[in-house]
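K.L.:
model the structure of this input:
(one chain, ligands or ions: 1)
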Amino acid sequence: MNTILAGHGLVKTFGTTHALVGVDIAVGERDSLAIMGPSGSGKSTLLHVLAGIVRPDEGQVLLRGERDERAVPPPGGLGRIDDLGENRLSALRRSRFGFVFQSGQLLPELPAEENVALPLMLEGAPRREAVRRARRWFAPLGLEGLEKRRPGQLSGGQAQRVAIARALVVEPEVVFADEPTGALDQTTSTEVVQLLTFATRESGAALVMVTHDPDIAAHCARILQVRDGRVHSYEQFTTA
Ligand SMILES: Nc1ncnc2c1ncn2[C@@H]1O[C@H](COP(=O)(O)OP(=O)(O)OP(=O)(O)O)[C@@H](O)[C@H]1O
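P.N.:
Numbers count the residues shown, from 1 in each chain. All right, here's what the predicted structure looks like:
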């Protein structure tokens, strides 16, 4: 596996709660990894630490191609990101990562196409160009004809597909999804996770997904089980 993102010895404590107590994890190119575990086991914290949203107390997060300012080049072309300044880290999150959350992530006053275009506009693309690029994602995600709808006029499944388009529009290297089907019924969940895994793989990105649902996790190539802030086990599927 060609590792593009890794966490080494990750520790995170909130007050007296030990959310992560020494996690090692590697994400490969075009990998799809489901993070599972009981409530409170540290799944979301692990995703947030890997995505540069939460800084670990100990350990390192490494990303491919991230230049390390120290004299010695990082092993395997990975460079440390957990110690970057806030501005650099947020620029990196915007340009190299895509995010899909459970729900409520779309701006209600913007039409779907502008919601998808938003990350490009934040990167400085002119509105017209950003919307043009955003529209390209509607057909592959089964959203044709819904470009002008506002989030309130979309079903839960359609809104999640718009969120997937928004995550992929920047052509990220890693897509992070935290319970992306948590607010959907079972049939819609299956459709959404199929589109998420397929579109992410087609785009060339890796997927890191937190879910408590084994049927949803089974759409990923690998499943990592977390218990009490530790990696409990890895399961690998050859067919996914
Ligand atoms: N910002 C925070 N402040 C205080 N405690 C936190 C914070 N974030 C997480 N925790 C605590 O850290 C532990 C791990 O939380 P985390 O959200 O990572 O678990 P999880 O496995 O994703 O849980 P769930 O499945 O319920 O979402 C929990 O005990 C939680 O209460």
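K.L.:
what's near enough to touch the residue nearest to the spatial centre of the chain?
P.N.:
By CA atoms, centre = their mean, the chain has its centre lying nearest to residue 176, at 0.9 Å. With contact taken as CB atoms under 8 Å, 6 or more residues apart in numbering, residue 176 is in contact with 47, 50, 51, 97, 98, 99, 100, 208, 209. Where C-beta positions appear, they are placed from N, C-alpha and C, glycine not excepted.
K.L.:
got those residues as JSON lines, with neighbour count columns?
P.N.:
As requested, these are exported to JSON lines (neighbours: other CB atoms under 10 Å):
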{"residue": "47", "neighbour count": "20"}
{"residue": "50", "neighbour count": "28"}
{"residue": "51", "neighbour count": "23"}
{"residue": "97", "neighbour count": "22"}
{"residue": "98", "neighbour count": "27"}
{"residue": "99", "neighbour count": "21"}
{"residue": "100", "neighbour count": "25"}
{"residue": "208", "neighbour count": "25"}
{"residue": "209", "neighbour count": "28"}
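K.L.:
just give me the closest of the residues you listed to the ligand.
P.N.:
Set against the ligand, the nearest of the contacts of residue 176 by CB to the nearest ligand atom is residue 47 (7.8 Å).
K.L.:
I'd guess the residue nearest to the centre of the chain is in a strand, am I close?
P.N.:
Yes. If the criterion is DSSP: H, G, I helix; E, B strand; the rest coil, then residue 176 is within a strand.
K.L.:
grab the nearest non-local neighbour of it.
P.N.:
Nearest residue to residue 176, sequence neighbours excluded (CB to CB, 6 or more residues apart in numbering): residue 51, at 4.7 Å.
K.L.:
the one you found contacts residue 98, doesn't it?
P.N.:
No. In this structure residue 51 lies outside contact range of residue 98 using CB atoms under 8 Å: 9.8 Å.
K.L.:
now do the shared contacts for the two.
P.N.:
What both residue 51 and residue 98 touch, as defined by CB under 8 Å, 6+ apart, is the set 174, 176.
K.L.:
quick revisit: how close does the residue nearest to residue 176 get to residue 6?
P.N.:
Residue 51 is 13 Å from residue 6, where distance means CB to CB, to the nearest Å.
K.L.:
cool, residue 142 as well?
P.N.:
34 Å.
K.L.:
now residue 94: how far from residue 145?
P.N.:
Residue 94 sits 29 Å away from residue 145, going by CB to CB.
K.L.:
looking at the two, which one has more neighbours?
P.N.:
Each of residue 94 and residue 145 has its neighbours counted (other CB atoms under 10 Å); residue 94 has more, 16 against 8.
K.L.:
what's the pLDDT at the residue nearest to the centre of the chain?
P.N.:
Residue 176 is assigned 98 on the pLDDT scale.
K.L.:
the one 4 residues further on too?
P.N.:
Among the per-residue scores, residue 180 holds a pLDDT of 94.
K.L.:
isn't it up against residue 197?
P.N.:
No. Under the criterion of CB under 8 Å, residue 180 is not in contact with residue 197, lying 10.3 Å apart.
K.L.:
neighbour-wise, which of these two wins?
P.N.:
Taking other CB under 10 Å, residue 180 and residue 197 do not tie; residue 180 has more neighbours (28 against 21).
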